[in-house]
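Chemist: Build me a structure from this.
(one chain, ligands or ions: 2)
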Amino acid sequence: MSRPVIAIDGPAASGKGTLARKVAEAMGYALLDTGALYRGVALTMIRAGADLGDADAATATARSLTATDIDRLTHDPDLRLDTTASGASRVSAVPGVRQALLDFQRAFAANPPDGRPGAVLDGRDIGTVICPDAAVKLFVTASVDVRAKRRFAELQGRGEKPDFADVLADMRARDDRDTKRAVAPLVPAVDAVIIDNSDMSPQQVLDTALAVVREKLPA
Ligand SMILES: Nc1ncnc2c1ncn2[C@@H]1O[C@H](COP(=O)(O)OP(=O)(O)O)[C@@H](O)[C@H]1O
Ligand SMILES: Nc1ccn([C@@H]2O[C@H](COP(=O)(O)OP(=O)(O)O)[C@@H](O)[C@H]2O)c(=O)n1
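Modeler: Ligands and ions are numbered 1, 2, ... in the order given. This next block holds a predicted model:
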């Protein structure tokens, strides 16, 4: 029997990761941050001095990543750099990259590690492409200004010295690329529950999400 999947999609700094972590914890499910896969492809290319605009090189890099590489990259602090995020948004528009990462994500959802009873995947296309049959689909979002402020505070908290105008411009550019790309654009699944958390605390978002989970996945 397949295990329940909770899909959490949304734009950058909408609070997907924060919510996904807490939902996975509350449910005892395995968690996959799918953005880390695209970030991993970008970081590997940046380190190799490769051209991020080279679709063939990006596809080859995505195909070459093993589960061990992915695990190592997930723990790499440079994965969270804004330059890595921008690179991820570029390589993620390449169809060959998306195809190469598809099997890994589906296998994780079908067989969550450590015998977990279900999986939470967060990203951009989980409810639409990766797991269209997910039991629960949440689409979290917030205004672009709120998201830029969150990312700005996050970068400051990490000791970086960001410029707010740059962070906002980068957020808009990433939204634009993610929503307009031809393959798996960022869009809520028709059956997703949309949570606009511009004025919600992380706890309120979690309570709202868990109420949806309990309704869709009765114990
Ligand atoms: N509801 C919320 N209210 C205020 N800040 C939030 C909220 N949810 C998340 N954050 C903060 O916003 C930043 C981005 O959240 P994160 O979960 O990393 O987003 P995403 O995974 O969508 O990029 C983090 O610093 C996080 O602590
Ligand atoms: N399922 C996914 C996850 C991420 N991505 C891409 O990877 C980039 C980085 O994703 P992320 O979720 O780590 O970024 P943040 O939302 O945390 O800023 C995004 O801008 C998307 O372009 C994607 O295309 N599909």
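
Chemist: Near ligand 1, which residues of the protein? Just list them.
Modeler: Taking C-beta under 6 Å from any ligand atom as the contact definition, the chain meets ligand 1 at 10, 12-18, 150, 154, 197, 200-202, 205. The C-beta positions use only the backbone N, C-alpha and C, and glycine is treated the same way.

Chemist: Mind telling me the two of these farthest from one another?
Modeler: Farthest apart among those by C-beta to C-beta are 12 and 201. That separation is 19.5 Å.

Chemist: Who has more neighbours out of those two?
Modeler: residue 12 (22 against 9; other C-beta atoms under 10 Å).

Chemist: Report the mean per-residue pLDDT for stretch 183-201.
Modeler: What stretch 183-201 shows for mean pLDDT is 95.

Chemist: so which of the residues of the chain next to ligand 1 is the most crowded?
Modeler: Going by other C-beta under 10 Å, residue 10 tops the residues of the chain next to ligand 1 with 27 neighbours.

Chemist: how many neighbours does residue 167 have?
Modeler: By other C-beta under 10 Å, 22 other residues sit near residue 167.

Chemist: Now do the buried residues in the one helix or strand it maps to.
Modeler: Per DSSP states H and E: residue 167 is located in helix 164-180. By 16 or more other C-beta atoms under 10 Å, the buried positions in helix 164-180 come out as 167-168, 170-171, 174-175, 177-178.

Chemist: what residues does this structure put near ligand 2?
Modeler: 12-13, 17, 34-35, 38-39, 85, 88-89, 92, 123-125, 174, 178.

Chemist: out of those residues, what pair is the most spread apart?
Modeler: 13 and 125 (17.6 Å).

Chemist: doesn't residue 7 make contact with residue 23?
Modeler: No: taking C-beta atoms under 8 Å as the definition, residue 23 is not a contact partner of residue 7, at 10.7 Å.

Chemist: Compare the two (neighbour count), which wins?
Modeler: residue 7 (28 against 23).

Chemist: Residue 20 touches residue 30, doesn't it?
Modeler: No: Residue 20 is beyond contact range of residue 30, at 10.8 Å (criterion: C-beta under 8 Å).

Chemist: Give the residue spans of the chain that score low on pLDDT.
Modeler: By pLDDT under 70, the weakly predicted segments of the chain are 1.

Chemist: what about the helices in it?
Modeler: 16-27, 35-48, 55-64, 67-74, 82-91, 95-110, 144-157, 164-180, 202-216 (DSSP state H).

Chemist: what's the angle from the third one to helix 35-48?
Modeler: Using axes from the mean of the first three to the mean of the last three C-alpha atoms, to 10 degrees, one finds that helix 55-64 and helix 35-48 are set 120 degrees apart in direction.

Chemist: just checking, what packs against helix 55-64?
Modeler: Other helices and strands packing on helix 55-64, by 3 or more C-beta pairs under 8 Å, 6 or more residues apart in numbering; DSSP states H and E, are helix 35-48, helix 82-91, helix 95-110.

Chemist: Closest to residue 71 out of the residues of the chain next to ligand 1?
Modeler: Among the residues of the chain next to ligand 1, and counting by C-beta to C-beta, the member closest to residue 71 is residue 17, at 17.4 Å.
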